[in-house]
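*Asks:* would you be able to build a 3D model of this:
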Amino acid sequence: MSTLVRDLEPQPSAAELDRALRDASPADIIAGALQIFGREKLALVSSFGTESAALLKVTADVDPAIPVIFLDTGWLFEETLAYRDALTAKLGLCDVRSIKPLEETLRREDPERELWFSDPDACCRIRKVEPLARALKPFAAWINGRKRFQGGLRAGIAVVEQDVERLKFNPFANVSRETIEAIYRSADLPPHPLVASGFRSVGCMPCTSRADANEDARAGRWRGRPKSECGIHTTVTA
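*Replies:* You can find the predicted model right below:
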């Protein structure tokens, strides 16, 4: 049993957990979440993006059977889908769930597949936010890979947050880019295939572009638009 959460109530609050875990290592944060909720009520949400392998590696070391939710939006790069499969095999992940938007929703709201251009917020809602809300219904808590060094709305995130009726764990909130790079080196993790082509952050194909080394890593997401998040971290997941 983790000593970090051993003396807490069976269902501690987000604030209590944040106090207990705010200086803990990513592995200890994940282990603490697993201790409280068990793998039946805890899931990790991963985009299998340019920095995802580090969190997936740490999680697999704690318990490779923790469910991993992957949002297959229908607009992902083929390289991302291949990377998902490669990392799943390399890390021995036992329960990767690829969640897609509902076909009836796509037919009703995006029949021409042009919503990404006319209303990117609506596109993210039907392809990411709503599918994630559906996928998280069985779970009481979820893990994600946001980091404070990514800036913007992520600069002040806590290690543990309340997300309506479930808790959200941010085990990499405190880590540096150098720490992530060290995890990649020590575990011999493959980079996302598009990194070599100048993509520093990878999401859906129509809304992802290359970013220069002197730009923020997420500058290539929704470039030229007043948008920096897809909505899964700014919309409640009740």
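*Asks:* strands of this structure, residue ranges please.
*Replies:* 42-45, 68-71, 96-99, 141-143, 160-163, 166-169 (DSSP state E).
*Asks:* now those in JSON lines, with mean neighbour count and distance to Asp18?
*Replies:* Placement of C-beta: from N, CA and C, glycine included. Listed next are those as JSON lines, based on neighbours: other CB atoms under 10 Å; distance: least, CB to CB, whole Å:
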{"stretch": "strand 42-45", "mean neighbour count": "24", "distance to Asp18": "17"}
{"stretch": "strand 68-71", "mean neighbour count": "24", "distance to Asp18": "23"}
{"stretch": "strand 96-99", "mean neighbour count": "15", "distance to Asp18": "27"}
{"stretch": "strand 141-143", "mean neighbour count": "24", "distance to Asp18": "13"}
{"stretch": "strand 160-163", "mean neighbour count": "20", "distance to Asp18": "4"}
{"stretch": "strand 166-169", "mean neighbour count": "24", "distance to Asp18": "10"}
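*Asks:* dump these into CSV; add mean pLDDT as well.
*Replies:* Formatted as CSV, the strands of the chain follow (pLDDT from 0 to 100):
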stretch, mean pLDDT
strand 42-45, 98
strand 68-71, 98
strand 96-99, 98
strand 141-143, 97
strand 160-163, 92
strand 166-169, 95
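*Asks:* dump the ones you listed into CSV; add distance to Arg113 as well.
*Replies:* Formatted as CSV, those follow (distance: least, CB to CB, whole Å):
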stretch, distance to Arg113
strand 42-45, 24
strand 68-71, 17
strand 96-99, 19
strand 141-143, 29
strand 160-163, 30
strand 166-169, 31
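*Asks:* Phe117 is nearest to which of the ones you listed?
*Replies:* When those are compared by CB to CB, strand 68-71 sits nearest Phe117, at 19.8 Å.
*Asks:* now what about that closest one, what contacts it?
*Replies:* Outside strand 68-71, the residues that touch it by CB atoms under 8 Å, 6 or more residues apart in numbering are 43-48, 56, 59, 84, 88, 93, 95-99, 127-128, 131-132, 135-136, 142, 232.
*Asks:* ditto for stretch 81-88
*Replies:* With contacts defined as CB under 8 Å, 6+ apart, stretch 81-88 is touched by 48, 52-53, 56, 68, 70, 72, 93, 96, 98, 189-190, 192-193.
*Asks:* again, only using 6 Å
*Replies:* For stretch 81-88, the surrounding residues in contact (CB atoms under 6 Å, 6 or more residues apart in numbering) are 48, 53, 56, 70, 96, 192.
*Asks:* from the residues you listed, which is closest to Asp121?
*Replies:* For the contacts of stretch 81-88, the nearest to Asp121 is Phe70 (21.5 Å; CB to CB).
*Asks:* is that closest one in a bridge, and if so with what?
*Replies:* As for beta bridges, Phe70 partners with Ser98 under DSSP bridges.
*Asks:* check Ile143 too.
*Replies:* Leu44, Phe169.
*Asks:* pick out the most distant pair among the contacts of stretch 81-88.
*Replies:* For these, the maximum inter-member distance is 16.1 Å, found between Val96 and His192 (CB to CB).
*Asks:* can you list the buried residues in the longest helix seen in the chain?
*Replies:* In the chain, taking DSSP state H as the definition, the longest helix is helix 78-91. Within helix 78-91, the residues that count as buried by 16 or more other CB atoms under 10 Å are 79-80, 83-84, 87-88, 90-91.
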